[in-house]
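Asker: Quick one, fold the following:
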Amino acid sequence: MSSKTLLSMSNIKLNKMNNFKWTDEAVKTFTQVYSSNFNSKLIDFPIDAKDYWGKNIHEKIEQFKLDYKPQETLKYAINTKSVYGTYGCTIKEFKNEKHFENWYDLMVRKGHKIIGVQPYKETE
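Answerer: Residues are numbered from 1 along each chain as shown. Have a look, this model is predicted:
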């Protein structure tokens, strides 16, 4: 690999670390990584435990910033008719497609009718 390529790769890593946003989700996930709880449900991205073993907290933080990928959420506008006969439209956020399917099945089991589901994008 040329030195130009290595320099470019290190700049990408630095840029990613400097732009890192510590959200509540990121902090919860990092606590699991820091305590070596790599099988936690909070860790939903590929992680190699060897990258963290034997490192101090500062090195673990830097590695985490490189590895972490926040969960992508899905937002839907959902039109419903309740068991009581009232109509409504709600905007609901889901962790993933499976989460949405589980919620949908639950609402149907409770007797609600899902009339329509559209992806929701906020406008400014």
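Asker: I'd like the distance between the spatially most central residue of the chain and N96.
Answerer: When the chain is reduced to its mean C-alpha position, the closest residue under Cα atoms, centre = their mean turns out to be Q71, at 0.9 Å. Here the distance between Q71 and N96 works out to 8 Å (Cβ to Cβ, to the nearest Å). Every residue, glycine included, has its C-beta placed from N, CA and C.
Asker: Now do the residue nearest to the centre of the chain, the pLDDT please.
Answerer: The score at Q71 is 75. That number is its pLDDT.
Asker: What of S8?
Answerer: S8 carries a pLDDT score of 49 in this model.
Asker: if I read this right, N79 contacts K113, doesn't it?
Answerer: No - the pair N79 / K113 is not scored as a contact, 9.4 Å apart, by Cβ atoms under 8 Å.
Asker: secondary structure element for I78?
Answerer: If you go by DSSP states H and E, I78 is part of strand 74-81.
Asker: Run me through the strand neighbours of that strand, direction for each.
Answerer: Paired neighbours of strand 74-81 in the sheet (DSSP bridges): strand 87-94 (antiparallel), strand 113-119 (antiparallel).
Asker: residue ranges with poor pLDDT in this structure?
Answerer: Low-confidence segments of the chain (pLDDT under 70): 1-18, 124.
Asker: Can you give the domain ranges for it?
Answerer: Segmentation of the chain into domains, based on automatic domain parsing, reads 3-67, 74-119.
Asker: okay, the ones you listed in TSV with mean neighbour count next?
Answerer: Listed next are the domains of the chain as TSV, based on neighbours: other Cβ atoms under 10 Å:
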stretch	mean neighbour count
domain 3-67	12
domain 74-119	12
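Asker: Is it possible to get TSV of the strands paired with strand 74-81 that adds distance to D24?
Answerer: Shown next, in TSV, are the strands paired with strand 74-81 (distance: least, Cβ to Cβ, whole Å):
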stretch	distance to D24
strand 87-94	14
strand 113-119	25
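Asker: Correct me if wrong: L74 contacts V117.
Answerer: No - L74 is beyond contact range of V117, at 10.4 Å (criterion: Cβ under 8 Å).
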